[in-house]
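Coordinates for the following, if possible.
(one chain, ligands or ions: 1)
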Amino acid sequence: MNVEQKLSVDKFAVDEGNPHIVLHPEKFDEATLKALTVICPAGLYTRDESGRMAFEVAGCLECGTCRVVAAHIPGALEWNYPRASFGVQFRYG
Ligand code: SF4
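The predicted structure is shown next:
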């Protein structure tokens, strides 16, 4: 079973309107933006053709890696665990 197949069996309960990660892209430097597109194991940080950052919270594995990567920029990334009954549900099958 490859990584994509393993991730596909997890379930996500998205707390619509109350994301557990909120970005303030205008505060990021280029190196950190680049790092985010590479380090997220779920591939949730992407950039469009013009280089603009896009982020999709659905599918977050709650690993906290992005929080660590952006920690040196105060206020750039707000990260909290999802409220009870929301977030990822790992299924090891
Ligand atoms: S917590 Fe992990 S999975 Fe979720 S967005 Fe950040 S790096 Fe990606």
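
A58 and T46, how far apart?
Computed with CB to CB, to the nearest Å, the distance linking A58 and T46 is 13 Å. All C-beta atoms are positioned from the backbone trio N, CA, C, and that covers glycine.

nope, G17 is what I was after
G17 is 22 Å from T46, by CB to CB.

what about those two, which has more around it?
T46 (13 against 5; other CB atoms under 10 Å).

for the protein, which spans come out with low pLDDT?
93 (pLDDT under 70).

for it, what spans make up the helices?
3-8, 30-39, 65-69 (DSSP state H).

Those: which one's closest to R91?
Closest of these to R91 is helix 3-8, at 9.0 Å (criterion: CB to CB).

which of the helices of the chain is buried the deepest?
Among the helices of the chain, ranked by average contacts under mean count of other CB atoms under 10 Å, first place goes to helix 65-69 (a mean of 17).

Packing partners of that helix?
helix 30-39, strand 77-79 (3 or more CB pairs under 8 Å, 6 or more residues apart in numbering; DSSP states H and E).

got a list of contacts for it?
21, 32, 35-36, 39-41, 45, 77, 79 (CB atoms under 8 Å, 6 or more residues apart in numbering).

These also near the ligand: which ones?
21, 40-41 (CB under 6 Å from any ligand atom).

Would you mind checking the residues you listed for buried ones?
Neighbour-count burial (16 or more other CB atoms under 10 Å) applied to those gives 21, 40.

Just put the ones next to the ligand among the contacts of helix 65-69 in CSV and tack on distance to V88.
Below are those laid out as CSV (distance: CB to CB, whole Å):
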residue, distance to V88
I21, 12
C40, 13
P41, 11
